[in-house]
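1. Everything below, folded, please.
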Amino acid sequence: MQASPIDWNTRNEALGALLARVALGDRAAFATLYQQSRAHLFGIVLRINPDRAQAEDVLQEVYVNVWRAARSFDAALSPPLAWLASVARHRAIDSLRRRQAQPVMVSTRATPDADEDDDLLARLPSEAAGPLEQVSDAGEAGDVSTCMKGLASVQRQSLALAFYQGLSHAEVAEHLGQPLGTVKSWVRRGLMALRECLERRRGGAR
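-> Numbers count the residues shown, from 1 in each chain. Have a look, this model is predicted:
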């Protein structure tokens, strides 16, 4: 069932309130946050690291990071769920990098008689930094936060979902309840505006 923008906003408001309490060391709020976000974050981790046992270990690392970093959460930079998903995505990618030191031979086919084109690895998200992450690396964190605040709300939310949470444009459109073409336009224009803003700020600092 497609989530409406209202449902999405309500969920983010609830998670934001919990994160604020977690930042103050509220363990009860942390337990509630875990229960309300665990399934979603575990799904993200599994998409990147399909080894279920390892994914469960990674999920524990994710919540340790959330507990430690809750004070750094900035609702103006990204929605709560997108921020949580970003933590999960980066921990999952780190787990894959750790596995490179222990290579194993595994089949990437869904079944032994699967077609050669049916490669499970092709379905995994890229480990490369997305456009928004590249922009973030190019400027100071404060500049990125300021420029994000200057975007239209729909652009800011679309960018956060697409690049911090790692959703496809189609998945972003489903979350927001908007046409795919509209979402693609929001992402493209938002990214262009963000880059222009960062360039102006860097130019003014010279």
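2. Put the alpha carbons of stretch 69-78 into CSV.
-> Presented in CSV, the C-alpha positions along stretch 69-78 are these (Å, rounded to 0.1, in the frame of the first residue of the first chain):
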residue,chain,number,x,y,z
ALA,A,69,25.4,10.4,17.2
ALA,A,70,21.8,11.4,18.0
ARG,A,71,23.0,14.9,19.2
SER,A,72,24.4,15.6,15.7
PHE,A,73,21.0,15.0,14.0
ASP,A,74,19.8,18.2,12.2
ALA,A,75,16.2,18.0,11.1
ALA,A,76,16.8,21.0,8.8
LEU,A,77,19.3,18.9,6.8
SER,A,78,17.4,15.7,6.4
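3. hmm, who's touching it?
-> Stretch 69-78 has contacts (CB atoms under 8 Å, 6 or more residues apart in numbering) with 16, 19, 22-23, 80, 83, 86-87, 144-145, 148-149, 156, 160, 164. In short, each C-beta sits where N, CA and C put it, glycine included.
4. Inside helices: which ones of the residues you listed?
-> The members of the contacts of stretch 69-78 that map onto helices under DSSP state H are 16, 19, 22, 80, 83, 86-87, 144-145, 148-149, 156.
5. Can you give me the neighbour number for residue 16?
-> 15 (other CB atoms under 10 Å).
6. which ones are touching it?
-> Neighbouring residues of residue 16 by CB under 8 Å, 6+ apart: 75, 79-80.
7. Can I have the buried ones of the ones in helices among the contacts of stretch 69-78 as a PyMOL selection?
-> To isolate the buried members of the ones in helices among the contacts of stretch 69-78 in PyMOL, using 16 or more other CB atoms under 10 Å:
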select buried, resi 19+22+80+83+86+87+144+148+156
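8. What is the nearest of the ones in helices among the contacts of stretch 69-78 to residue 200?
-> For the ones in helices among the contacts of stretch 69-78, the residue nearest residue 200 by CB to CB is residue 144; the value is 13.0 Å.
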